[in-house]
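Asker: sequence and predicted structure are below.
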Amino acid sequence: MEGWDPNTKSTLTQIPLLTTKSGPRDGAAWTVRLKEEYKSLIAYTQMNKSNDNDWFRISASNPEGTRWTGKCWYVYNLLKYEFDLQFDIPVTYPSTAPELELPQLDGKTQKMYRGGKICLTVHFKPLWAKNCPRFGIAHALCLGLAPWLAAEIPILVDSGMIKHKDDATSSTES
Amino acid sequence: MEIELNDLIADLQSLNQSLPDPSLRDAFHKIQSRVEHIADLVRAEPVRRSKVKDMSAEVVDSNPYSRLMALQRMGIVENYERIRNFSIAIVGVGGVGSVSAEMLTRCGIGRLLLYDYDKVELANMNRLFFRPDQAGMTKTDAAVQTLSDINPDVVLESYTLNITTVDGFETFMSSLKNKSFSPDKQGNGVDLVLSCVDNYEARMAVNQACNELSQTWFESGVSEDAVSGHIQLLIPGETACFACAPPLVVASGIDERTLKREGVCAASLPTTMGVIAGLLIQNTLKFLLGFGQVSPYLGYNSLKDFFPTMQMKPNPQCSNAACLKRQGEYILAKPDRDAAAKAKLEAEGPSIEEGPLHDDNEWNISVVDDHEPDGTNTTSSDALPEGLTHELPTADEFQNPVTPEAPINDNDDIDELRRQLEAINSA
């Protein structure tokens, strides 16, 4: 964890860790894991809100809790850029991390696999593997998605690949 | 089209006869020969060959299997035609998978199952198999199109899905179990699974499925820098599974700023991919048809043309529960295996009378077995000088770390938790 900024580190220590190593095919054990996922997500979201650092919404879109959808946003130059966020829980979870997808950015950046899957290979997957099964969805967002947005969004905005929604509408009106 | 062209040729001929001005005749002949040339091209349009019922060894130009059946005459393969009974599942129809599928198709494999969720892109054209006009098609559809043209005898099944998702995985598992192609087969419906995927998640999914089904499979891979690759045979319980030896997790403290602009785009070369596909299918054929030796692991370093081989035993502490189950079964089956090996040895004929090799042995030289004694009497090598202890437990007696029983609150209702999250989300 050397090299991570102190903010992320202190946030991380406050996200509840998980204990159950079970995936979506493990029946009742998955329900136990899913409860832990919910608890850590609730704690993380609450913490973000109380620190005035709210930056995502995520909720399960099926009863089994294997598909998740929501939004995430990033503020750059005082403008808020918001994107759809989605991912599946892989069958080999939690041995393998969820592959976080931002479908609206598909094809706009090199740091992305097909289908809008953000690249987590270098900065996040080693951490995930070493901390299996203690990390969950909340950790993937905190250590996987947040730094990716911080690194990519400014470049995408500066290079004109993405436009703020106000600019986009005004340019189409004119 | 052909009929219309024939009519045109006839019209031209009749016109030629009634042509008044001989000076135009040369130009007219030119037009006539061009039309005939086009007609020839049309007649030469690809004709799909019809299916072949039995593989024949007859040496004629029209026999698609004569060169393959010649393997029998050369004494390499005992019964080549057996290949039509085999089913192979290829997961990932990319640079390695598509070429592997073509090789097996040309070899006349019985049935191929293809899995991929990607589409063909122009960025794939530096590799073999796919054609630019197939860009935009799913890789599975494009592969079926080409492969069924090459050899209509092969039964092709294509699955456009992602095997790492829950639904995709269930379909993957049931397709491997389906025995409709050869109902008498023992075990699963396929003889071998070939993993030709490009990421860790998909490999772990194939590993999970094959461990659960006790299905032998081959893993293959080409490095991101396109200059090396490997193939690996995985027999659940007998050899290391893909989770037995996890990839070296590098403790990399990374600065966000260093993360910016490397790009995810991996390099690839048609050559390296072709070599790996060739190694993979060569070993597949050896495995299926029972000739030569199947490599448990074969690496390929193209920079030095170095081909390392090795063998990996399963890890008794593997994190995959299905792998541990298969390991247990493999150990239990040892007496049967030994008996079978002995029977085979005896069937190969009584060994030649073992007389003394040399009549005199002036120096009392004797040959000593250099195999390590099995099991119990290995303590000598384990003995440590006084005062030292092993930090890690010995591999074979792994104890689960005592995890503090997490107080599982049955009061926690999953719906209640979901409502709580929704409440915070909408607050």
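Answerer: Here it is on my side, so go on. Residues are numbered from 1 along each chain as shown, chains lettered A, B, ... in the order given.

Asker: tell me the helix or strand right after the worst-scoring helix or strand of chain B on mean pLDDT.
Answerer: The weakest-scoring helix or strand in chain B, judged by mean pLDDT, DSSP states H and E, is helix B:379-382 (a mean of 54). Using DSSP states H and E, the helix or strand that follows helix B:379-382 in sequence is helix B:414-426.

Asker: what's next to that following helix, contact-wise?
Answerer: A:31, A:34-35, A:38-39, A:41-42, A:45-46, A:49, A:57-60, A:65, A:70 (C-beta atoms under 8 Å, 6 or more residues apart in numbering or on different chains). To be clear about C-beta, it is placed using only N, CA and C from the backbone, and glycine gets the same treatment.

Asker: which ones among the residues you listed come in contact with chain B?
Answerer: Checked against chain B using C-beta under 8 Å from any C-beta of the partner chain, the contacts of helix B:414-426 yield the following neighbours: A:31, A:34-35, A:38-39, A:41-42, A:45-46, A:49, A:57-60, A:65, A:70.

Asker: report the two of those separated the most.
Answerer: Across these, the longest distance by C-beta to C-beta is 26.9 Å; it joins A:31 and A:49.

Asker: looking at the two, which is more packed in?
Answerer: residue A:31 (16 against 12; other C-beta atoms under 10 Å in any protein chain shown).

Asker: can you tell me the element the more buried one falls in?
Answerer: helix A:28-50.

Asker: show me which positions of that helix end up buried.
Answerer: Buried positions in helix A:28-50, judged by neighbour count with 16 or more other C-beta atoms under 10 Å in any protein chain shown: A:30-42, A:44-45, A:47-48.

Asker: just stretch A:111-127 next, same as before
Answerer: Judged by neighbour count using 16+ other C-beta under 10 Å, the buried positions of stretch A:111-127 are A:111-113, A:116-120, A:123-127.

Asker: list the ones among those that fall in helices.
Answerer: A:125, A:126, A:127 (DSSP state H).

Asker: and these, which is closest to chain B?
Answerer: Among these, residue A:126 lies closest to chain B (C-beta to the nearest C-beta), at 4.8 Å.

Asker: where in the stretch 101-250 of chain B is pLDDT low?
Answerer: Within the stretch 101-250 of chain B, the stretches with pLDDT under 70 are B:246-250.

Asker: all the strands of the chain, residue numbers only.
Answerer: In the absence of a named chain, chain A is used. A:56-60, A:67-76, A:79-88, A:112-113, A:117-118 (DSSP state E).

Asker: let me rephrase: I mean chain B.
Answerer: Under DSSP E, chain B gives strands at B:87-91, B:111-115, B:155-159, B:192-195, B:217-222, B:228-234, B:297-301.

Asker: buried sites along the shortest one?
Answerer: By neighbour count, with 16+ other C-beta under 10 Å as the criterion, the buried positions of strand B:192-195 are B:192, B:193, B:194, B:195.

Asker: that one near chain A at all?
Answerer: No: under the criterion of C-beta under 8 Å from any C-beta, chain A is not reached by strand B:192-195; the shortest gap measures 13.5 Å.

Asker: for that strand, C-alpha coordinates in CSV please.
Answerer: Provided in CSV are the C-alpha atoms of strand B:192-195 (Å, rounded to 0.1, in the frame of the first residue of the first chain):
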residue,chain,number,x,y,z
LEU,B,192,-10.8,-32.2,-23.9
VAL,B,193,-11.3,-28.5,-23.1
LEU,B,194,-8.9,-26.0,-24.6
SER,B,195,-8.6,-22.7,-22.9
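
Asker: just checking, what packs against that strand?
Answerer: Under the contact definition 3 or more C-beta pairs under 8 Å, 6 or more residues apart in numbering or on different chains; DSSP states H and E, strand B:192-195 sits against strand B:87-91, helix B:200-213, strand B:217-222, helix B:270-289.

Asker: now swap in the first one and tell me
Answerer: Using 3+ C-beta pairs under 8 Å, 6+ apart as the contact criterion, the elements in contact with strand B:87-91 are helix B:95-106, strand B:111-115, helix B:166-177, strand B:192-195.

Asker: just the fifth one next, same as before
Answerer: In terms of contacts (3+ C-beta pairs under 8 Å, 6+ apart), strand B:217-222 is packed against helix B:95-106, strand B:192-195, helix B:200-213, strand B:228-234, helix B:270-289.

Asker: let's have those in a markdown table, adding distance to residue B:342.
Answerer: Putting those into a markdown table (distance: least, C-beta to C-beta, whole Å) gives the following:
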| stretch | distance to residue B:342 |
| --- | --- |
| helix B:95-106 | 35 |
| strand B:192-195 | 27 |
| helix B:200-213 | 29 |
| strand B:228-234 | 24 |
| helix B:270-289 | 23 |
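
Asker: nearest to residue B:133, out of the ones you listed?
Answerer: helix B:95-106 (15.3 Å).

Asker: angle of the closest one against strand B:228-234?
Answerer: Orientation check (axes from the mean of the first three to the mean of the last three C-alpha atoms, to 10 degrees): helix B:95-106 against strand B:228-234 gives 60 degrees.

Asker: centre of the chain to helix B:95-106, how far?
Answerer: 9 Å (C-alpha atoms, centre = their mean, to the nearest Å).

Asker: residues contacting that helix, please?
Answerer: Contacts for helix B:95-106 (C-beta under 8 Å, 6+ apart): B:88, B:90-91, B:93, B:112, B:114, B:116, B:124, B:127-130, B:139, B:143, B:146-147, B:150-151, B:154, B:194, B:196-197, B:220-222, B:268, B:270, B:273-274, B:276-278, B:280-281, B:284.

Asker: check stretch A:57-73 too.
Answerer: Against stretch A:57-73 from outside (C-beta under 8 Å, 6+ apart): A:24, A:30, A:34, A:37, A:41, A:55-56, A:80-89, A:98, A:102, A:137, A:141, A:145, A:149, B:165-166, B:414, B:418, B:421-422, B:425.

Asker: and the stretch 1-150 of chain B, which of its residues are near chain A?
Answerer: Residues of the stretch 1-150 of chain B lying near chain A (C-beta under 8 Å from any C-beta): residue B:118.

Asker: understood, closing this out.
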